[in-house]
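Participant: Have a look at this prediction, sequence included:
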Amino acid sequence: MFFGGPARATDTLPQSTIDELLRLDSQAALVAARKNIFGVVATSDAGHDQALTAAQSNQVLAIYGLGKTLTAEVLLESEPHVFKSSRAKPVWGHLQQYTLERIAPPCVYLKKIEQSEILCLSKGQ
């Protein structure tokens, strides 16, 4: 007599396989989001790995929080980044050359190698 309940699919798969499947699923979702939401299109054209459309420019996706504890989600060079008002470096994202000066809704003030950049939410966001 079996008291353990029905066998689950995860009982037979090693943890590394599950982690790999989750990683691949996350990558596919990110690629789909870039294509559908941000307008990024990957092509293999004359030896170039990727060509980017008009979404190549930097833009603010969202600003949220209360008082002085604001968070900004920003698209920098077609890669999503998250900045918190309490830190200069992004808390998420790989482009470390961007530093946060301040978040003052509806704008985010960044600096990249001594050059200031102001990104603001567009109407309708």
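Facilitator: All right, it came through fine. No experiment lies behind these values; they were computed from the predicted model shown.

Participant: where do the helices sit along this structure?
Facilitator: Ranges of helices in the chain, per DSSP state H, are 15-33.

Participant: Let me see the domain layout of this structure.
Facilitator: 13-55, 57-120 (automatic domain parsing).

Participant: Pick the most deeply packed of the ones you listed.
Facilitator: domain 57-120 (a mean of 15; mean count of other C-beta atoms under 10 Å). Bear in mind the C-beta positions are built from the backbone N, C-alpha and C, glycine included.

Participant: gap between the two ends of it?
Facilitator: The separation between the terminal residues of domain 57-120, taken as C-alpha to C-alpha, to the nearest Å, is 12 Å.

Participant: can you check stretch 77-94 too?
Facilitator: Its start and end residues considered, stretch 77-94 measures 11 Å (C-alpha to C-alpha).

Participant: Make JSON lines out of the domains of the chain and add mean pLDDT.
Facilitator: Listed next are the domains of the chain as JSON lines, based on pLDDT from 0 to 100:
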{"stretch": "domain 13-55", "mean pLDDT": "60"}
{"stretch": "domain 57-120", "mean pLDDT": "92"}
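
Participant: Report the beta-bridge partners for Ala104.
Facilitator: Cys107 (DSSP bridges).

Participant: Ser116 now?
Facilitator: With DSSP bridges as the rule, Ser116 is bridged to Lys111.
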